[in-house]
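>>> Have a look; sequence and predicted model below, questions after that.
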Amino acid sequence: MSLTLRFEQLLIVTLCLGLVLESNANLSFIFGNTTLFNVNFKSPAWLGRSLPVVNNVRIDNDVDPNILEDSHLNTYGLIQKYGYPAENHTVVTDDGYILTLHRIARPGATPVLLVHGLLDSSATWVMMGPGKGLGYLLYEQGYDVWMANVRGNTYSRGHTKYTHNHAKYWDFTFHEMGVHDIPSSIDFILKKTGYPQIHYIGHSQGTVVFWIMGSERPEYMKKIIYMQALAPVAYLNHCKSPVVNFLAEFHSSFILKLIGVHEFLPQNEFIVMFNQLICDETTITKEICSNVIFLTTGFDKYQLNETMLPVVVGHAPAGASTKQMQHFGQLRRSGTFRQFDYGWLRNHWRYNSITPPDYKLENVKAKVALYYAENDWLAQPDDVEALSLHLPNVVAQYLVDYPKFNHLDFIWGVDARDLLWDRMLRNMQSIDNEHFRDNLTA
């Protein structure tokens with residue numbers, strides 16, 4: 001057995017032990033002269049923060065009785081089940097990726113494109129059910145709702161040349177999503193609806209890809225009526241996410257190969273089974289499940305309808321590339337919002353520079369609203385405010401008036417409508433009225 005293989009096995013065991021140690025246990029792992037771990041698992045300061053166990057869980061008693069069924073239905077099936085007009089559409093990007101757009105169809109109405117976050121999919125906008133999903137709410141407010149799925153997720157795993165079993169298929173990061181996926185999706189929607197512009201709502205990575213589209217393909221800014229950014233991410237200097245901080249600290253490809261050589265956290269039968277075992281409504285381990293889900297994003301049990309956890313884990317994680325996760329770690333480590341770092345030699349060949357170029361945020365000229373929260377581990381207020389200084393057309397900026405509001409509460413929060421969504425809808429209506437007046441005078 002090679003030294004490298006033995007090291008990999010030891011590290012895997014060490015990482016697994018970290019999941020079962022007592023909450024105040026210390027763990028040290030030393031290889032040669034290098035200390036890889038020396039942390040207290042209740043408070044791993046180098047990861048950003050600890051995850052306290054809270055027992056006063058709030059359960060929403062008014063939950064749908066078909067939770068188990070919803071955990072297995074796809075986005076189309078969920079929309080159709082609850083009596084809304086569901087459609088599937090296929091988009092082929094100019095670099096060959098085959099994407100799925102889901103639609104809650106209201107022909108003739110103004111289109112709005114919803115773009116999900118990291119490891120997520122179109123299901124995120126509807127899986128909480130009518131009255132609790134932003135996709136349904138927008139439809140009921142009179143919009144034609146389109147929901148994107150970026151390359152590599154559950155619904156967008158096709159390619160004109162490669163299968164998702166090919167390494168070449170996974171050679172992408174969120175850069176390619178912003179340059180290819182989102183522009184292709186926008187063009188498809190405009191052609192299908194006959195509208196010249198759309199509304200855009202992005203969550204987390206769904207904001208990252210918009211900034212990249214504006215930077216690299218600024219002509220698309222003219223196709224946007226209004227961009228609303230939920231938990232906007234660009235700079236990660238104050239990031240508290242343990243996962244992102246781990247990727248920034250241990251940035252060798254070896255670490256990522258432990259959790260997926262090309263695809264990060266693949267959505268296979270084993271992972272689905274394991275997640276549902278942890279999060280089944282009858283088990284006593286729902287606290288553990290909550291910690292796993294929120295390890296990346298932040299923690300607010302009061303806004304989580306824990307009864308819906310089987311639905312959440314039935315749809316997420318939905319897939320991402322290892323390179324994509326590396327890129328997030330690079331942003332954290334570099335403190336800048338820039339393209340993927342291939343190392344100085346490949347950078348010089350690819351970019352004609354030994355360092356990657358920064359994204360040109362000054363090109364993002366569409367009207368933008370930024371919504372952010374204090375308890376968001378990924379989109380910390382200081383980083384969002386830094387982002388706002390680089391965007392040329394921020395017309396609204398709002399810190400959610402609830403200190404515990406976290407990264408996933410923007411889309412799944414029990415009180416998200418009262419705390420945020422109603423404000424978003426008022427802003428959209430105001431922009432629509434302004435847009436209508438401008439068109440009359442044009």
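Cool, the structure landed.

>>> does the residue nearest to the spatial centre of the chain count as helix, strand or coil?
Using CA atoms, centre = their mean, the residue of the chain that lies closest to the mean C-alpha position is residue 117, 1.7 Å off. Secondary structure of residue 117, reduced to three states by DSSP: H, G, I helix; E, B strand; the rest coil: coil.

>>> Phi and psi next, for the residue nearest to it when sequence neighbours are not counted.
Spatially, and ignoring its direct neighbours in sequence, residue 117 is nearest to residue 204 (3.1 Å; CB to CB, 6 or more residues apart in numbering). Any C-beta I mention is one placed from the backbone N, CA and C, and that applies to glycine too. Dihedral angles of residue 204 (phi, psi; degrees, to the nearest 10) stand at phi 60, psi -110.

>>> Isn't residue 204 up against residue 118?
Yes. Under the criterion of CB atoms under 8 Å, residue 204 is in contact with residue 118, at a separation of 5.8 Å.

>>> Wait, a strand at residue 101?
Yes. When classified by three-state DSSP, residue 101 is found to be part of a strand.

>>> That one and residue 155: what is the separation?
Taking CB to CB, to the nearest Å as the measure, residue 101 and residue 155 are separated by 9 Å.

>>> Between the two, which contacts overlap?
When CB atoms under 8 Å, 6 or more residues apart in numbering defines a contact, the residues bordering residue 101 and residue 155 alike are 122, 149.

>>> contacting residues around the residue nearest to residue 117?
When contacts are counted by CB under 8 Å, 6+ apart, residue 204 touches 116, 117, 118, 120, 230, 231, 233, 378, 379, 407.

>>> repeat that with 6 Å
Residue 204 sits next to 117, 118, 231, 233 when contact means CB atoms under 6 Å, 6 or more residues apart in numbering.

>>> Turn these into a markdown table, including distance to residue 431 and pLDDT.
A markdown table is the format used below for the contacts of residue 204 (distance: CB to CB, whole Å; pLDDT from 0 to 100):
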| residue | distance to residue 431 | pLDDT |
| --- | --- | --- |
| 117 | 23 | 96 |
| 118 | 27 | 91 |
| 231 | 20 | 98 |
| 233 | 23 | 98 |
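
>>> which residues does the closest residue to residue 263 other than its chain neighbours contact?
Counting by CB to CB, 6+ apart, the nearest residue to residue 263 once its immediate chain neighbours are dropped is residue 170, at 5.7 Å. By CB under 6 Å, 6+ apart, the residues touching residue 170 are 262, 263, 321.

>>> how about a cut-off of 10 Å?
With contact taken as CB atoms under 10 Å, 6 or more residues apart in numbering, residue 170 is in contact with 151-152, 162, 164, 260-264, 319-324.

>>> Just the closest of these to residue 436, please.
Checking the contacts of residue 170 against residue 436 with CB to CB, the nearest one is residue 151 at 35.2 Å.
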